[in-house]
Every structure is written in structure tokens, then in C-alpha cells.
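> Sharing a model prediction with you, sequence too.
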Amino acid sequence: MTGSVYTRRRIMVVCLGVVLLVELFQLFWPSDRFYPLATLDGYSVGSQSAQSAAIKLNAKTLQRTVTLTDSTTKTKVTLTAQKAGITANYTARAEAAAHHSFAQRIIPFSWLFVHNTTSDDLPDALGSSKKQTEADVRNASVKADDSGKLQAVDSAVGYTFKASDIRKTADFSLTDSSTGDLATATIEMNIVQPTVSLDTAQQLLKTINAALGDNVTFTYNDGSWTLPSSSIVKTISTSANAQDNTQLDVTIGSSTLMSQMKSQGIALQVAQKAVDANAVPAMFAVKGRASRAIDADATANALASMLASGQAAPVAISINQVDNLELYDGLPTKGSTQDKLNELFAGATYSVAVYDLKTGESKLQINADTVTTSASTYKLFVAYSMIHAVETGELTWNSPLNGMTLSSCMATMIVNSDNDCPEAWLSRYGFDTVTQQAHEIGANNTNFAVGDMETTANDLATVLKGFYTNSIANTDSTDRLFQLMQTQVYRDGIPTGIGSDGVVQDKVGFLDGLLHDAAIVRCDKGDYAMVIMTDGSSWYKIAQASLLIYEDL
């Protein structure tokens, strides 16, 4: 009997000891940390701090799916919560869930019953973006995948909607689920249907592959050369037919094609034959200038026609009708790039900044931090200010400005260098605001005041780099801007100098004796920010300078 009592006492002591340990554990457990085994909204957060749990749940929630149905067309679109414009901030919710009152702490083993938390009493973790969520319609197309193989890419509808509408109508489920769904909602999405179907793209893919074979033959006079199909694939894209937008046209990237021809030595051999035929000047029969002998666009069009026919056939290389041959007259050839530019711009003042946009490396700096009157190049900073207003939800591209939409205003400002729209913008938002925005992106020597607009070659390169890398604007915004810069009408400077060796997206400025050109140059040598600012020079000299810089890259 005595032994039995002793055993019971030992058990009671052990039990009391366990209870005491649990009590001590509960009392002294950090107030900002979840108990072991805890979950919040279905996610395991055991032993994590509220801050760590909030970071984790923010990321996981934004990757869950939102299924939307357009109320008009009944079209369904599935997006991640983040792409749908849903925002997540679990800070307050996690802090509230991790906190345990003194009463809860003194109740033995209470931590086992409060670990699974999904409560409407906790602060809401979800919100919605103030700006509209939108996506451009995408037609089905043919393009190369990451492995270099041509694929038919399915179409996607375009849409525009307010994320706040999802919050108003959706049945949100914060708990984790096997499907990962966060919400479903029926809202007005302003759906735009694609015009080209996947079947059309797949049929064109078969046609292209039939013509491609293992390689493509190019000819000029008695010469014949081949490029492997793997090289040709890199040049291929498609676009909707202008007359029948349900059909696709094959398009060839001329600069990419020239890059392939140069790397394989074809361009130089063609140039040498063209010189022998007196079709181009002898100065083109050198490696650095060989591609200028070839009419890249005409050759690309010939290749596109052959591929669209579905029948393999030789592609004739067209030779350039040289219209800027005069740029080589008097072009300095001795010394460093700066020596040659000093000779070229003798009698004028100038500054130059050139950056490799892929690496960020500075390739050329000449007086690049010298403050200069900006002329119309300041409109690049106004364009950034406009884009910033749209991306932050303050405005939309359809907002009114100077009697037209903001979209039209930016277009005429960039394409035609119109002054009324940027002046209206500065009048509304203030010179100081646009100056401050320039400083915030690193253009610290740029300052705007009435009648006194100043910048530097490096500051213009800074805004160009920001656009290119999407560090200051998203892809939709920069695609819009780059298209305008590529079609702006004043093209006697850098675009003329680069010619068919690349694509130039630029903004010029001219005022009295000032001539400036700030450009993104996409060419076979890479992508570059190239800024040339001059006082007392000419567009001809700027074109020569860009040609000289290009050849020395």
C-alpha cells in the first residue's frame, strides 16, 4: 500500500512539474512570437516572429490565384493576386494573432488550443491597389522559346478593371487551400478579344518550319552562303496582317539578321563582292563597316517572304543604296575616340555620355557632367513625370491635359517635340516637382525653372538607363514611350549616323545654336544610351559623331 501511495505521489509530482513547466513556458514565451505548431490562415508560422510571419504570408498570399469573370462577356481570367491588384499587409494581423493575453497564458496548456488562427476579429490583411489593373490584348503568335525552338504562343484577352471591385464583390478565402485560390469575383473588366487564334499561329508555324529546314541559303551575284536554322529562328517574329487582322505575317528582325551575318563572316564577304561590282564604296569592305553594304530591311523582307511561302528557296541579299555616304567624308580616323570627336567638333562645345545598357558600364565620358541648357530634351523628364502619375494611380492615360488625353499629349510631345503639352504639365504640377522627380532618379544636376531648363549628358543618360532597365517605370509604360521615341520625326542626328546598323529611340532638343540628341541605340554590338549635346555644331556633325562612336564601340 505504501508503495502504491508513493507511486501516485511521484506521478502527481511529475504532473505538477509538467504543468509548472508548461506554465513557465507560456508565461515567458516572447509576446511577439507564435507558439510552436501555430498556424495563421492555414499557413504554418510556428515559433516565428510576427514580423517574419507577416513577410512570409504577404508573399504567399500575393501568389495565390484570383479567378475573375467579366460581367458582360462572361470571359474568365485567372491571375495571381498581385497581378490582379490585390495588396497584402499581414503586419497588424500577424501581431494580433501572435499576441496572447495574460489570462490565456495562465490557463494550463492553452497554447495547444490557440495555435490554429483564422478569425474575422483579426485586422484585415488584404487591400487593393488604387490604380487600374490592365493588360494589353495579345494575339496568338509564333516565337522562339528559351531553347531556341519556334513555338506557337496562345492569345490572351486584354482587360482593364479596378482592383477595388474585386474586394467589393469577391468571396475571399484567407485560409490556404489545395487549389491556391484566394478569390472569385464577377466584375466589369472591359474585355478586348484577340483577333488571331492559336490555330492560325500553329498553321503558320508549320509553314515556317517547312521552309526553314536545316539551314537557309543567301545569295549575292555569284556568291552563296548559309545560315543554320537555329540562327534564323532568333530573327523571327510575327504580327497581325494589316488588311486582315485575323491572319499573321512573318516578320524578320533586320538588326538581328545583320548580327548573325556579321558573326558568321557573311557580311564582310558580301561587302567585298559588292565593292568588286562597284555597288558600294571600297571603304565598306572592312569588318567594321561591312554590314553597311547590305540593305538589311530589304534582305529581311525577302527572308520573311520565303518563310511565309512554306517553300525552301535561296534568299537574295539586297545591297544598300548608300544615302549617307557623305558622313564618311572628313570623318576623323586617328587617335582615341575623344581625339576624333575633338577634331570633329572643333570650334564648337560638346558633351558626350555613352553607357552599355546591359551592364551599366560607362563606355565614353566627355564633359558629361557639364550643365547645359536642355532645349527639348527636358521632355524626357516630363515624360517620366507623366508616367509616374499614371503608375501611382493619380491619373490614367485617358486623363485630360491641354484639350486632349494625357496619352495624346505625351505622344505629340515626343514625336513632334510639341511645347504646349509639357508646358501645360509644368504649369499644373510645377517646375519644382519635376525637378525633384529628376533628382529622385539620380539626375542630380537637372534643374527646371521658367526660362531656365538645365541638364547634363550624364543626367539624360540616367533617365534613359532608368527607362531601359524598368527601374523607374514598368514595361507597359516604357514600351509606350520607346515606340514614340522610335517614330519621332527629327532623325538627322544619331538615327542617321547609326543607319541600318541598329534601331534608334531618341529625343532631340534644339534651341538657337544648341543641338542635342539623347538616344537608346539597339544594335548588333549591344544596347547603349548615347547622348550628344552640342553648342555651335550641326546635325550632320552629330550624325558623324554617332557613326564614329558606334564604330569605336
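Received the coordinates, thanks.
> lowest-pLDDT helix or strand in this protein?
Per-element confidence for the chain was summarised using mean pLDDT, DSSP states H and E. The lowest value among helices and strands belongs to strand 116-117, with a mean of 58.
> which parts of the helix or strand that comes right after it are buried?
Scanning forward in sequence from strand 116-117, with DSSP states H and E defining helices and strands, the next element found is strand 126-128. Of the residues in strand 126-128, 126, 128 count as buried by neighbour count, 16 or more other CB atoms under 10 Å. Any C-beta I mention is one placed from the backbone N, CA and C, and that applies to glycine too.
> Report the separation between the closest residue to residue 438 other than its chain neighbours and residue 418.
Spatial nearest neighbour of residue 438, chain neighbours left out: residue 446 (4.3 Å); criterion: CB to CB, 6 or more residues apart in numbering. Note on residue 446: its distance to residue 418, by CB to CB, to the nearest Å, is 21 Å.
> When these two are compared, which one has more neighbours?
The residue with more neighbours, out of residue 446 and residue 418, is residue 446; 27 against 17, by other CB atoms under 10 Å.
> Now that one. Its backbone dihedrals?
With angles defined as degrees, to the nearest 10, residue 446 shows backbone torsions of phi -100, psi 130.
> So it versus residue 436, what's the distance?
Residue 446 sits 10 Å away from residue 436 when distances are taken as CB to CB.
> same question, residue 426
Taken as CB to CB, the span from residue 426 to residue 436 is 13 Å.
> Those two: which has the busier surroundings?
When residue 426 is set against residue 436 and neighbours are counted by other CB under 10 Å, the residue ahead is residue 426, at 21 against 12.
> The more buried one belongs to a helix?
Yes: assigned with DSSP: H, G, I helix; E, B strand; the rest coil, residue 426 falls within a helix.
> residue contacts, the closest residue in space to it that isn't next to it in sequence?
Computed as CB to CB, 6+ apart, the closest residue to residue 426 that is not its neighbour in sequence is residue 434, at 6.3 Å. With contact set as CB atoms under 8 Å, 6 or more residues apart in numbering, residue 434 has these partners: 381, 382, 385, 425, 426, 448.
> which stretch of helix or strand covers residue 364?
Taking DSSP H and E as the criterion, the element that holds residue 364 is strand 362-366.
> Could you give the average pLDDT over that strand?
In this model, strand 362-366 carries a mean pLDDT of 97.
> Now the element after it, going C-ward?
Beyond strand 362-366 on the C-terminal side, the first helix or strand identified by DSSP H and E is strand 372-373.
> Just list what that following strand packs against, helices and strands only.
strand 452-455, strand 514-523 (3 or more CB pairs under 8 Å, 6 or more residues apart in numbering; DSSP states H and E).
> Of all the residues in the last one, which ones are buried?
What it means is strand 514-523. Taking 16+ other CB under 10 Å as the neighbour-count basis, strand 514-523 is seen to contain the buried residues 514, 515, 516, 517, 518, 519, 520, 521, 522, 523.
> How confident was the prediction at the fifth one?
Per-residue confidence at residue 518 stands at 98 (pLDDT).
> didn't it look like it was pressed against residue 464?
Yes: with contacts defined as CB atoms under 8 Å, residue 518 counts as touching residue 464 at a distance of 6.3 Å.
> Need the residues touching each of these two.
380, 529, 531.
> Below-threshold pLDDT in the stretch 1-150 of the chain: ranges please.
By pLDDT under 70, the weakly predicted segments of the stretch 1-150 of the chain are 1-3, 5-6, 9, 13-29, 101-120.
> same check, this time on the stretch 151-300 of the chain
Flagging of the stretch 151-300 of the chain using pLDDT under 70 yields the residue ranges 171-180.
> can you give me the strands in it?
If DSSP state E, counting those that start in this stretch is used as the criterion, the strands of the stretch 151-300 of the chain fall at 159-162, 181-187, 215-220, 223-228, 236-240, 248-252.
> how about TSV for the ones you listed, with distance to residue 57 and mean neighbour count added?
Conversion of the strands of the stretch 151-300 of the chain to TSV gives the following (distance: least, CB to CB, whole Å; neighbours: other CB atoms under 10 Å):
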stretch	distance to residue 57	mean neighbour count
strand 159-162	24	20
strand 181-187	12	19
strand 215-220	53	18
strand 223-228	50	15
strand 236-240	41	19
strand 248-252	44	20
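> For the closest residue to residue 352 other than its chain neighbours, give its distance to residue 553.
Spatial nearest neighbour of residue 352, chain neighbours left out: residue 366 (4.3 Å); criterion: CB to CB, 6+ apart. Computed with CB to CB, the distance linking residue 366 and residue 553 is 15 Å.
> before we move on, what about residue 527?
Using CB to CB, one gets 11 Å for the distance from residue 527 to residue 553.
> Residue 348 now?
Distance from residue 348 to residue 553, by CB to CB: 23 Å.
> Residue 60 too?
Following CB to CB, the distance that separates residue 60 from residue 553 is 45 Å.
> What of residue 476?
Residue 476 sits 30 Å away from residue 553, taking CB to CB as the criterion.
> out of everything not next to it in sequence, what's closest to residue 478?
residue 467 (4.9 Å).
> scratch that, residue 48 is what I was asking about
The nearest residue in space to residue 48 (CB to CB, 6+ apart) is residue 34, at 5.5 Å.
> Quote the end-to-end distance of stretch 424-438.
Across stretch 424-438, the straight-line distance between its terminal residues is 18 Å, by CA to CA, to the nearest Å.
> element containing the spatially closest residue to residue 548 that is not a sequence neighbour?
Spatially, and ignoring its direct neighbours in sequence, residue 548 is nearest to residue 340 (5.6 Å; CB to CB, 6+ apart). Applying DSSP H and E as the criterion places residue 340 in helix 337-344.
> quick one, what contacts the residue nearest to residue 470 when sequence neighbours are not counted?
In this structure, residue 470 finds its nearest non-sequential neighbour in residue 478, 6.0 Å apart by CB to CB, 6+ apart. Shown here is residue 478, whose contacts under the criterion CB under 8 Å, 6+ apart are 467, 468, 470.
> Distance of residue 478 relative to residue 468?
The spacing between residue 478 and residue 468, counted by CB to CB, is 7 Å.
> now the helices: where do they sit in the stretch 1-150 of the chain?
2-28, 50-62, 91-98, 102-106 (DSSP state H, counting those that start in this stretch).
> angle of the third one against helix 50-62?
Orientation check (axes from the mean of the first three to the mean of the last three CA atoms, to 10 degrees): helix 91-98 against helix 50-62 gives 120 degrees.
> Packing partners of helix 91-98?
Judged by 3+ CB pairs under 8 Å, 6+ apart, helix 91-98 is in contact with strand 39-40, helix 50-62.
> Appreciated, that's everything.
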